[in-house]
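A.B. asks: Dropping a prediction and its sequence here:
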Amino acid sequence: MTTTTKPLTIADFLKLPETKPSSEFIDGKIYQKPMPQGKHSTLQICLANTVNEVGFPEKIAYAFPELRCTFGGRSIVPDVAVFRWERIPFDADGEVANVFECSPDWTIEILSPDQSQTRVTDNILFCLRHQTRLGWLIDPDEKAVICFYPNQLPEIMRQPEDRLPVPDFLSLQLTVEQVFSWLKLGQRL
């Protein structure tokens with residue numbers, strides 16, 4: 001007697017209870033993200049806050065940390081997902097919707113120790129194939145940011161003075177040095 005198991009669908013996955021840390025649905029399989037650690041969490045909150053300081057007051061864009069985005073047959077949770085204001089789903093009460101069924105305009109991943117760089121890169125490339133304008137892969141150990149663009153080769157930014165690309169809808173200037181200086185919390189006044 002042969003038993004066959006029905007493959008998991010994205011609809012089945014979305015009915016499952018949320019996990020901590022989050023799980024993602026990629027190519028019919030579930031992958032749990034690693035638990036964020038100190039460097040990851042620090043970069044994530046500082047980056048989201050920096051984007052929101054520029055994007056929120058004028059309702060240009062908003063950065064969401066750990067937001068589930070479901071599109072193109074995948075359900076992923078970028079470390080930071082930035083959406084232009086007009087693409088943010090709102091409910092009937094004018095509040096941010098719980099469900100985002102679209103790709104972010106800018107996806108940012110922060111590599112954690114023992115995390116698969118291949119899987120993270122694959123998610124960034126998947127987003128770019130679904131109309132994301134820019135992807136960053138931040139590597140805290142290497143003090144480098146790999147910048148991904150649609151239909152272009154990625155660029156590795158690692159010199160302290162390197163100016164990091166940001167989407168054209170944001171008036172934001174960041175250098176590699178500024179981003180990694182956020183990790184030096186103990187040296188701030």
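C.D. replies: It's in.
A.B. asks: Was I right to think Ile76 contacts Glu24?
C.D. replies: Yes. Ile76 is within contact range of Glu24, at 4.8 Å (criterion: C-beta atoms under 8 Å). Quick note: C-beta positions are derived from backbone N, CA and C, even for glycine.
A.B. asks: Now for those two: what residues contact both?
C.D. replies: Asn123 (C-beta atoms under 8 Å, 6 or more residues apart in numbering).
A.B. asks: So between the two, which is more surrounded?
C.D. replies: Relative neighbour count places Ile76 above the other of Ile76 and Glu24, with 29 against 20, counting by other C-beta atoms under 10 Å.
A.B. asks: Kindly provide the distance from the more buried one to Arg87.
C.D. replies: Using C-beta to C-beta, to the nearest Å, Ile76 is found at 16 Å from Arg87.
A.B. asks: Likewise for Asp93?
C.D. replies: From Asp93 to Arg87 the distance is 19 Å (C-beta to C-beta).
A.B. asks: quick one, which of those two is more surrounded?
C.D. replies: In this view Asp93 and Arg87 are compared by other C-beta under 10 Å, and Arg87 has more residues nearby, 15 against 5.
A.B. asks: What residue, apart from its backbone neighbours, is nearest the most centrally placed residue in the chain spatially?
C.D. replies: By C-alpha atoms, centre = their mean, the chain has its centre lying nearest to Pro78, at 2.9 Å. Leaving aside its chain neighbours, Pro78 sits nearest to Thr107 (4.5 Å; criterion: C-beta to C-beta, 6 or more residues apart in numbering).
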